[in-house]
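In: Output the structure for:
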Amino acid sequence: MKNIIKYVVECDSMYGMVCIICTFVCFYISIRFVVPYLYKCLCKICNTIITYKDIRTKTEVGNVSIEANLHR
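Out: Numbering: from 1, shown residues only. I've put the predicted structure just below:
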């Protein structure tokens, strides 16, 4: 990134400076808004998978019967 900025400044290219500024703005927006949103969504998904109150299951195969109780 340092070389790109140095090249743009040395060449006096207005188009290059606009591209660099737009890149910085995009990085700022993604870090400031998108990453926290993704983090909240990920936490919400993990909490829905983990959160349960009381689950009872019963399985029968032939003569064998298995019961399980999950509490949290």
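
In: show me the contacts for E60.
Out: Neighbouring residues of E60 by Cβ atoms under 8 Å, 6 or more residues apart in numbering: I66. C-beta here means a position set from N, CA and C on the backbone, and glycine is covered the same way.

In: Next one: it relative to D54, how far apart?
Out: Between E60 and D54 the computed distance is 21 Å (Cβ to Cβ, to the nearest Å).

In: Now do stretch 60-69: distance from first to last residue.
Out: Stretch 60-69 has an end-to-end distance of 15 Å (Cα to Cα, to the nearest Å).

In: Could you give me the buried positions within it?
Out: Residues of stretch 60-69 include none that count as buried (16 or more other Cβ atoms under 10 Å).

In: For it, give the mean pLDDT please.
Out: Taken as a whole, stretch 60-69 has an average pLDDT of 81.

In: Just the element for the residue nearest the centre of the chain, please.
Out: Taking Cα atoms, centre = their mean, the centroid of the chain lies closest to L38, which sits 3.8 Å from it. Using DSSP states H and E, L38 falls within helix 35-50.

In: Could you identify the helix or strand that succeeds that helix?
Out: Next element after helix 35-50 (DSSP H and E): strand 54-61.

In: which element follows that next one toward the C-terminus?
Out: Downstream of strand 54-61, the first helix or strand assigned by DSSP H and E is strand 64-71.

In: Sheet-wise, list the partners of that next one with their directions.
Out: Strand 64-71 sits in its sheet next to strand 54-61 (antiparallel), going by DSSP bridges.

In: After the worst-scoring helix or strand of the chain on mean pLDDT, which helix or strand is next? Please name it.
Out: None of the helices or strands of the chain scores lower by mean pLDDT, DSSP states H and E than helix 2-11, at a mean of 66. Going down the chain from helix 2-11, the next helix or strand is helix 14-29, by DSSP H and E.
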